[in-house]
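K.L.:
Whatever this is, show me its structure:
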Amino acid sequence: AHAEQTYWQYMREIFKQIIRHNICKANRIQNNQYVIDDDQYRERFWQLDPVRILEIQNICSRGEAEGFIWVLCTCIFFVAEYNFRLVI
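P.N.:
You can find the predicted model right below:
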């Protein structure tokens, strides 16, 4: 942790960054836009459609030579669902 922060404060910021990063990744998959303005995270999060994201992932992974998937950690979204103020 940094000198002016406790370990908990430091780790909370790290977790917030990870959650925001995965919201951006999910938004990129679904809406083809990675960058989200700070005041738009909540709205974009609630617009995410896990089924649509899975459909897009399935389409992108089909190519034998050029197929790919994005690595997306959705388990951390429970924090945003529980209390989005913990993310911002």
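K.L.:
C-alpha only now, for contacts and for neighbours.
P.N.:
Fine.
K.L.:
mind checking how far the helix or strand bottoming out on mean pLDDT in the chain is from the chain centre?
P.N.:
Least confident helix or strand, the chain: helix 77-82 with a mean of 92, by mean pLDDT, DSSP states H and E. Here helix 77-82 shows a centroid-to-chain-centroid distance of 11 Å under the convention C-alpha atoms, centre = their mean, to the nearest Å.
K.L.:
Stretch 4-23 now?
P.N.:
How far stretch 4-23 lies from its chain's middle: 13 Å, per C-alpha atoms, centre = their mean.
K.L.:
Export the least confident helix or strand of the chain to PDB, keeping only CA atoms.
P.N.:
Below are the C-alpha coordinates for helix 77-82, written out as PDB (Å, rounded to 0.1, in the frame of the first residue of the first chain):
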ATOM      1  CA  PHE A  77     -20.100  -8.000 -11.200                       C
ATOM      2  CA  PHE A  78     -22.000  -9.100  -8.100                       C
ATOM      3  CA  VAL A  79     -20.300  -6.200  -6.300                       C
ATOM      4  CA  ALA A  80     -21.900  -3.700  -8.800                       C
ATOM      5  CA  GLU A  81     -25.200  -5.500  -8.600                       C
ATOM      6  CA  TYR A  82     -25.200  -5.400  -4.800                       C
END
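K.L.:
Which positions in that helix come out as buried?
P.N.:
77, 80 (16 or more other C-alpha atoms under 10 Å).
K.L.:
Low-confidence stretches in the chain?
P.N.:
The model of the chain has pLDDT under 70 over residues 1.
K.L.:
Select the longest helix from it.
P.N.:
helix 7-31 (DSSP state H).
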